[in-house]
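A.B. asks: Return a 3D structure for these sequence lines:
(chains A and B)
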Amino acid sequence: MDEEVLLRFLTKECTSEDLQMISQWVTTKPENTRWLFEMEEVWSLKHELKYSDKEEIKKAYQAFLKKTEQIQKRRVNRMKRFRIYASAAAAAVILVFLSISVFRSVYTETIRQNLSENIDVNEIDVPNGQSITVKLSDGTLVWLNSGSKLIYPAKFSAKNRIVKLMGEGLFEVEHDKRSPFVVMSGSVSTKVLGTKFNVKAYQNETIRISLLEGIIEVLTNENEEAVRLSEPDQQVEIFMNGQVKKTNADAFAISQWTKGELYFDNESLENIVASLERKYNIKITIRNDSYKSMTFHSRIQKDASLENILNVLKGTRNIDYSIDKEGVSIY
Amino acid sequence: MKATFEKDINPTGQELFLQYFQQLYPRLMALSCRFVNEDVAKDMVQDAFVMLWEQKDRIQHVPTYLYKSVQNNCLNYIKHNHVVSDYAEKVRIAESRIQYLNEKTDENEVIKQVEYLDIRSKIEEALNELPPRTAEAFRLYFFEELSAKEVAEVMDISHRTVEVHVRKALSFLRNNFQNLHILLPFLFHTYF
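C.D. replies: This next block holds a predicted model:
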């Protein structure tokens, strides 16, 4: 094997030809395969060295502890809820209806008040082609995708934590029982109790809120009741016509845009194009109107270029594209 | 030091876990990084430890379990990336690697206990036996993480020569380490 290819293989920078060649190799020549993986093994000492560092191990262990804590919390919550349901079913139902309407009016009032109070408010605008992470005053982390805007107070009040989002954000909310965290996107509010969830609320697109961990409640102006998501992978979709639907989706895959990946879950070409425009900051026009509602289901690695992705779309359905200085045309 | 999850031994569950983590994390990361990029690799290893934690009373041999978990997590991750360029090739290479790793394990059945390895000094020792220019090129490429182009500039040689040096060093290290049983999947029973 050529040195160049070997090094590209080791540093994970293989071209398509490299991969084709290597793939053929490993299926037809066992001795050479062994050699290749043995070289890779020496190379892997580099990572072993890096991750032998005490700080790295400590960081990783902390992350592990956090994960297991969350799993335990979820289990305890599940048990608690079960006990409540089991004890007073009928009475609970009435109480729940009452409290929801009370909750709702108090809730919307509080939000209205809070946003008109004169507190120091920050606004972050993420342009197309970029994404950033913000840490709020309570320790909550927010990843913001291209073409998104987040409005939040410099310091949260003690009673509640309210932010406004237009676009897409992945939220990892610090747990605080006394102060519910609320994400407002237009007429939709997501109330959070310490958890991880993704809100996708771009203008003129279906709003999608996906739960990764914890519990959230989603309220819209149209709906009487809040939709409660309490199991990971549950999702709420709010369509442009106002319809609200509770569905399931791979929340982890959905959240991987924070790592540069793209995930289309039976997504229309129209929406895919909107995502690509934001991510690559380029204009994309669909020339054939009937294509707009074509759906695709795929998950794309972070290293993919715009052309890679367009080729994938091209290969999946019979569409073609061209790129010039104005942007991309699909026809 | 021997540590297991048997109930009659008494460090607490958490201390035990920390020990396993500290000892196995570097090797598992090295394994994981062969399949996927570093960020994903970290997640794969975390998932393996979480799965271990959830099943702890049922696991007989912890290193084996973690090793296989990481392999499976990585393969599933690659397989899940359905529409990506060269998808089939990537899957095939990953599966081939797993086959290679499994075969290697079967060979090394009875292994003596391996002392704590200072990887860096073992590599340096070996490098000292190489011609100085080869060793230098390798150090810059491997430890300093310069690109081949940058190494060429620093050493005032061609890009191609750098690649030849690196390959030569890798081959040498591989032969060297095999003799010393350094390159092994850690599935031997007396690892702890």
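A.B. asks: what does the domain assignment say about chain B?
C.D. replies: B:1-107, B:109-187 (automatic domain parsing).
A.B. asks: Need the mean per-residue confidence for the last one.
C.D. replies: Summarised as a single mean, pLDDT over domain B:109-187 is 80.
A.B. asks: Pull up the pairing partners for the longest strand belonging to chain A, direction included.
C.D. replies: In chain A, assigned by DSSP state E, the strand with the most residues is strand A:161-172. Partners of strand A:161-172 in the sheet, by DSSP bridges, are strand A:141-144 (antiparallel), strand A:148-153 (antiparallel), strand A:181-185 (parallel), strand A:196-201 (antiparallel).
A.B. asks: can you dump the C-alpha coordinates of the last one into CSV?
C.D. replies: Going back to what we said before, that points to strand A:196-201. This file holds the C-alpha atoms of strand A:196-201, laid out as CSV (Å, rounded to 0.1, in the frame of the first residue of the first chain):
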residue,chain,number,x,y,z
LYS,A,196,-32.2,18.0,27.9
PHE,A,197,-34.4,18.7,24.9
ASN,A,198,-34.2,20.1,21.4
VAL,A,199,-36.5,22.8,20.1
LYS,A,200,-36.8,23.4,16.4
ALA,A,201,-38.9,26.5,15.7
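A.B. asks: And the next helix or strand past that strand?
C.D. replies: Using DSSP states H and E, the helix or strand that follows strand A:196-201 in sequence is strand A:207-213.
A.B. asks: Mean neighbour count added to the strands paired with strand A:161-172, as a markdown table?
C.D. replies: Just so you know, the C-beta spots here come from the backbone N, C-alpha and C atoms, and that holds for glycine as well. Putting these into a markdown table (neighbours: other Cβ atoms under 10 Å in any protein chain shown) gives the following:
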| stretch | mean neighbour count |
| --- | --- |
| strand A:141-144 | 20 |
| strand A:148-153 | 19 |
| strand A:181-185 | 23 |
| strand A:196-201 | 24 |
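A.B. asks: how about the ones you listed in a markdown table, adding mean pLDDT?
C.D. replies: A markdown table is the format used below for the strands paired with strand A:161-172 (pLDDT from 0 to 100):
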| stretch | mean pLDDT |
| --- | --- |
| strand A:141-144 | 91 |
| strand A:148-153 | 90 |
| strand A:181-185 | 88 |
| strand A:196-201 | 90 |
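A.B. asks: Backbone dihedrals for residue B:139, please?
C.D. replies: phi -60, psi -50 (degrees, to the nearest 10).
A.B. asks: Now do the contacts for the spatially closest residue to it that is not a sequence neighbour.
C.D. replies: Closest residue in space to residue B:139, ignoring its immediate chain neighbours: residue B:127 at 6.9 Å, by Cβ to Cβ, 6 or more residues apart in numbering or on different chains. Contacts for residue B:127 (Cβ atoms under 8 Å, 6 or more residues apart in numbering or on different chains) come out as B:135, B:138-139, B:169, B:173.
A.B. asks: So which of those is the closest to chain A?
C.D. replies: Nearest to chain A out of the contacts of residue B:127 is residue B:173 (Cβ to the nearest Cβ; 4.7 Å).
A.B. asks: quick one: secondary structure of the nearest residue to the closest one once chain neighbours are set aside?
C.D. replies: Nearest non-adjacent residue to residue B:173, counting by Cβ to Cβ, 6+ apart: residue A:42, 4.7 Å away. Counting by DSSP: H, G, I helix; E, B strand; the rest coil, the backbone at residue A:42 sits in helix.
A.B. asks: What is the burial count for residue A:42?
C.D. replies: Neighbour count for residue A:42, taken as other Cβ atoms under 10 Å in any protein chain shown: 24.
A.B. asks: and if you look at residue A:273?
C.D. replies: Residue A:273 has 20 neighbours, counted by other Cβ under 10 Å.
A.B. asks: Wait, it touches residue A:287, no?
C.D. replies: No - using Cβ atoms under 8 Å, residue A:273 is not in contact with residue A:287; the gap is 11.5 Å.
A.B. asks: Pull up the overlap in contacts between those two.
C.D. replies: In contact with both residue A:273 and residue A:287: residue A:330, using Cβ under 8 Å, 6+ apart.
A.B. asks: where do the helices sit along the chain?
C.D. replies: Chain wasn't specified; assuming chain A. For chain A, the helices defined by DSSP state H cover A:3-10, A:16-28, A:30-50, A:54-87, A:89-116, A:251-255, A:269-280, A:306-316.
A.B. asks: oops, chain B please
C.D. replies: Taking DSSP H, the helices of chain B run over residues B:13-35, B:38-54, B:62-80, B:87-107, B:119-127, B:132-142, B:148-155, B:159-179.
A.B. asks: rewinding a little: between all of the contacts of residue B:127, which two are separated the most?
C.D. replies: B:139 and B:173 (12.0 Å; Cβ to Cβ).
A.B. asks: Mind checking which of those two has more residues around it?
C.D. replies: Neighbour count, other Cβ under 10 Å: between residue B:139 and residue B:173, residue B:173 has more, with 25 against 16.
A.B. asks: Check the gap between residue A:248 and chain B for me.
C.D. replies: Taking Cβ to the nearest Cβ, to the nearest Å as the measure, residue A:248 falls 17 Å from chain B.
A.B. asks: Apologies, that question was intended for residue A:270.
C.D. replies: 18 Å.
A.B. asks: correct me, but that residue touches residue A:295?
C.D. replies: No - the pair residue A:270 and residue A:295 fails to qualify as a contact (Cβ under 8 Å) at a distance of 10.0 Å.
A.B. asks: Write out the residues of the stretch 201-331 of chain A neighbouring chain B.
C.D. replies: A:253, A:259, A:297-301, A:304, A:308, A:311-312, A:316 (Cβ under 8 Å from any Cβ of the partner chain).
A.B. asks: I'd like to know which of those residues are buried.
C.D. replies: Using 16 or more other Cβ atoms under 10 Å in any protein chain shown as the burial test, those include A:253, A:298-301, A:304, A:308, A:312 as buried.
A.B. asks: Which two among the residues you listed are spaced furthest apart?
C.D. replies: Pairwise over those, using Cβ to Cβ, the maximum falls at A:253 and A:308, 18.1 Å.
A.B. asks: Surely residue A:160 touches residue A:177?
C.D. replies: No - assessed by Cβ under 8 Å, residue A:160 is found out of contact with residue A:177, at 11.7 Å.
A.B. asks: These two: which is more packed in?
C.D. replies: Neighbours per residue (other Cβ under 10 Å) separate residue A:160 from residue A:177, with residue A:160 holding more: 17 against 7.
A.B. asks: give the contact list for residue A:137.
C.D. replies: Counted by Cβ under 8 Å, 6+ apart, residue A:137 has contacts A:153-156.
A.B. asks: Apply 7 Å and report the result again.
C.D. replies: The contact partners of residue A:137, taken as Cβ atoms under 7 Å, 6 or more residues apart in numbering or on different chains, are A:154-156.
A.B. asks: wait, residue A:171 sits on residue A:142?
C.D. replies: Yes - in this structure residue A:171 lies within contact range of residue A:142 using Cβ atoms under 7 Å: 5.5 Å.
A.B. asks: who are the neighbours in contact with the residue nearest to residue A:265 when sequence neighbours are not counted?
C.D. replies: Nearest in space to residue A:265, with sequence neighbours left out and distances taken as Cβ to Cβ, 6+ apart, is residue A:249 at 5.6 Å. By Cβ under 7 Å, 6+ apart, the residues touching residue A:249 are A:210, A:233, A:235, A:265.
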